[in-house]
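Asks: no FASTA, just this:
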Ligand SMILES: NC(=O)C1=CN([C@@H]2O[C@H](COP(=O)(O)OP(=O)(O)OC[C@H]3O[C@@H](n4cnc5c(N)ncnc54)[C@H](OP(=O)(O)O)[C@@H]3O)[C@@H](O)[C@H]2O)C=CC1
Ligand SMILES: O=C(O)[C@H](O)CS(=O)(=O)O
């Protein structure tokens, strides 16, 4: 049996990082609705009771952000950069503790959690630097007495709704550009993983980010808070990461205010192995791409297409590699796959496997239960996958690798593009002409070529079709938090 987490604070070098209250206008605040439980997904034991804010309290946080944003926008980019750098430094100095908190509430192995802290912090570092480079422009006038200028100014109050799968990085990927641009920020984290969001506020306070500029409003109710964000006239920007289904709801709600929205939504990534691929590299990439965070990422390979000539060899190599993956408690050294976030996630994996078998697929590996109970699932490989099976159209969001067979390049491009999603895609090949043609033909916002991991703060991350709107990361990422003002000056 795995150890239950009876004293999370006792696992930390700095127990004061484990905060359970909301952070509103620079004040640690209890919830009008009491508290809600946060559970360790490995065993389901309660690890914290977190402030449960009401919609009225979230409105107060928006008021505070609205007031604070006016002064924050007067800070020079260089001044904002300095305090954001301090925030980054504090995240990295406390990386171990932030990783432990993240693993305790989300389940991913500690090594991955610490990696997420570094990934999340990189957005604060990068956009802190970008704060100094928010340039306007002058344009030659259309008449002799006219001088044309373009100013870039912060949108105002930005509100975020983020998922449980990357409870640190999905917030910093938004708060970094928002604060760098001079916006104020109100973050509503997923109810499964509020602690990672709250500790960001602990460090924001220590870094000297002014009261009201960065607020965290945990709540057990998501829809009520989403409505407040969409209906409150002081909010000018909504930024969301999560399912396409919820993205649609929020876009409809935000339409009444014509609110600017950034949407980082669902995916259904194809992972294509051509017959000229380096199969060992492709297996390594498939393991990283499919099983990172136990398959619970929007950019995980959801469909693996393998060209006929190498199908059996790839399947054999992949099975050998998957067998080495260790399922267990994320806080224990050597764990590769922690628990899934909740019983529903485990049920979805089982539903996709049962559907595939009923339609003729074979479970090559992973039918056995890892024998750990709780939210644990053995990593699975299914062969004989076809487009008629559920995982061809739905995100599995779990450790299931379905192998599809194909013969020609044109065939696999059509299969890969046959989805409403368009976030990440991957393929392994060596022929330069084929690489260029396939990269052009894939209808996705992101294409990984001979790699299974594409995430970096330096690149524009986002999807096409129903995978989202806007881009996060790279110098493009700050544009979503700026308004462009055209000034026509008659002299
Ligand atoms: N593209 C991506 O990065 C992600 C995609 N997904 C996909 O979504 C599926 C479900 O995962 P899940 O975490 O439940 O994702 P959801 O989209 O359901 O939730 C994401 C966030 O939105 C909140 N939320 C849910 N409903 C509403 C609403 N009506 N108004 C406002 N906020 C709302 C959730 O709150 P709360 O959790 O507190 O209810 C959470 O904070 C996954 O299986 C996966 O397919 C999930 C996460 C990330
Ligand atoms: O939502 C997600 O799954 C993340 O965006 C994936 S990543 O940015 O950490 O790769």
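Replies: Structure received. These numbers come from a predicted model, not from an experiment. Residues are numbered from 1 along each chain as shown. Ligands and ions are numbered 1, 2, ... in the order given.
Asks: where does this protein dip in pLDDT?
Replies: For the chain, the stretches flagged by pLDDT under 70 are 1-2, 368.
Asks: for it, which residues are neighbours of ligand 2?
Replies: Within reach of ligand 2 by CB under 6 Å from any ligand atom, the chain has these residues: 165-166, 169-170, 241, 297-299, 455, 461. Glycine gets a C-beta too; all of them are placed from N, C-alpha and C.
Asks: please repeat the previous calculation with a cut-off of 8 Å.
Replies: By the rule CB under 8 Å from any ligand atom, the part of the chain lying against ligand 2 is 116, 119, 163, 165-166, 169-170, 173, 241, 264, 267, 292-293, 296-300, 424, 453-455, 461, 472.
Asks: give me the buried entries from the residues you listed.
Replies: The neighbour-count test (16 or more other CB atoms under 10 Å) applied to the residues of the chain next to ligand 2 identifies 116, 119, 163, 165-166, 169-170, 173, 241, 264, 267, 292-293, 296-300, 424, 454-455, 461, 472 as buried.
Asks: so which of the residues you listed are also by ligand 1?
Replies: 163, 165-166, 170, 241, 264, 267, 296-299.
Asks: tell me which entries of the buried ones among the residues of the chain next to ligand 2 lie within strands.
Replies: Using DSSP state E, 241, 264, 424 are the members of these that sit in strands.
Asks: for residue 443, see how far away the closest residue to the last one other than its chain neighbours is.
Replies: The spatially closest residue to residue 424, leaving aside those adjacent along the chain, is residue 299, at 3.8 Å (CB to CB, 6 or more residues apart in numbering). To residue 443, residue 299 is 15 Å away according to CB to CB, to the nearest Å.
Asks: just give me the residue right at the centre of the protein.
Replies: Taking CA atoms, centre = their mean as the criterion, residue 170 is the residue nearest the geometric centre of the chain, at 4.3 Å.
Asks: and the residue lying closest to that residue once chain neighbours are set aside, how many neighbours?
Replies: Nearest residue to residue 170 in three dimensions, chain neighbours excluded: residue 162, at 4.2 Å (CB to CB, 6+ apart). When neighbours are counted by other CB atoms under 10 Å, residue 162 registers 27.
Asks: might you report the residue contacts of residue 162?
Replies: Under the criterion of CB atoms under 8 Å, 6 or more residues apart in numbering, the contact list for residue 162 reads 170-171, 174, 187-190, 197, 240-242.
Asks: now swap in residue 361 and tell me
Replies: Contacts for residue 361 were tallied using CB under 8 Å, 6+ apart; they are 382-386, 389, 402.
Asks: same question, residue 333
Replies: Counting by CB under 8 Å, 6+ apart, residue 333 touches residue 110.
Asks: so it sits in a helix?
Replies: No - with the criterion set as DSSP: H, G, I helix; E, B strand; the rest coil, the secondary structure at residue 333 is coil rather than a helix.
Asks: that one and residue 113: what is the separation?
Replies: Distance, residue 333 to residue 113, using CB to CB: 13 Å.
Asks: what do you get for residue 84?
Replies: From residue 84 over to residue 113 the distance is 22 Å, taken as CB to CB.
Asks: so the two - more neighbours on which side?
Replies: Neighbours of residue 84 and residue 113, each counted by other CB under 10 Å, are more numerous for residue 113; the result is 29 against 26.
Asks: got a list of what the residue in the stretch 301-450 of the chain that ligand 2 sits nearest to touches?
Replies: Relative to ligand 2, the nearest point of the stretch 301-450 of the chain is residue 424 (7.9 Å; CB to the nearest ligand atom). Residue 424 makes contact with 267, 269, 298-299, 444-448, 454, 463, according to CB under 8 Å, 6+ apart.
Asks: rerun at 10 Å
Replies: Taking CB atoms under 10 Å, 6 or more residues apart in numbering as the criterion, residue 424 is in contact with 267-271, 289, 297-302, 442, 444-448, 452, 454-455, 461-463, 467.
Asks: which residues does the nearest residue to residue 400 once chain neighbours are set aside contact?
Replies: Distance criterion CB to CB, 6+ apart; nearest residue to residue 400, sequence neighbours excluded, is residue 380 at 4.7 Å. The neighbourhood of residue 380, defined by CB under 10 Å, 6+ apart, consists of 295, 322, 349-350, 352-353, 356, 363-368, 396, 398-402.
Asks: try residue 117
Replies: Residue 117 is in contact with 91-92, 94-102, 168-169, 172, 196, 199, counting by CB under 10 Å, 6+ apart.
Asks: and which of the residues you listed is nearest residue 258?
Replies: When the contacts of residue 117 are compared for distance to residue 258, the smallest value, 27.3 Å, is given by residue 172; criterion: CB to CB.
Asks: and the gap between that closest one and ligand 1?
Replies: Using CB to the nearest ligand atom, to the nearest Å, we find residue 172 at a distance of 14 Å from ligand 1.
Asks: do residue 453 as well
Replies: 15 Å.
Asks: change the start of the numbering to 3 and stick with it
Replies: Done: numbering now begins at 3, and the last item shifts to residue 455.
Asks: ranges for the strands of the stretch 353-493 of the chain?
Replies: Counting by DSSP state E, counting those that start in this stretch, one finds strands in the stretch 353-493 of the chain at the ranges 364-367, 382-387, 402-408, 426-430, 448-451, 470-471, 484-492.
Asks: can you say which of the ones you listed is packed in most?
Replies: strand 426-430 (a mean of 29; mean count of other CB atoms under 10 Å).
Asks: adjacent strands (with direction) for that one?
Replies: Sheet neighbours of strand 426-430, with direction, are listed as strand 271-275 (parallel), strand 448-451 (parallel) (DSSP bridges).
Asks: tell me the gap between that strand and the middle of its chain.
Replies: Here strand 426-430 is found 18 Å from its chain centre; the criterion is CA atoms, centre = their mean, to the nearest Å.
Asks: going by neighbour count, which of the contacts of residue 164 are buried?
Replies: Members of the contacts of residue 164 classed as buried by 16+ other CB under 10 Å are 172-173, 176, 189-192, 199, 242-244.
Asks: okay, those in a markdown table with distance to residue 417 next?
Replies: What follows is those, written out as a markdown table (distance: CB to CB, whole Å):
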| residue | distance to residue 417 |
| --- | --- |
| 172 | 30 |
| 173 | 35 |
| 176 | 33 |
| 189 | 38 |
| 190 | 38 |
| 191 | 37 |
| 192 | 33 |
| 199 | 38 |
| 242 | 29 |
| 243 | 27 |
| 244 | 26 |
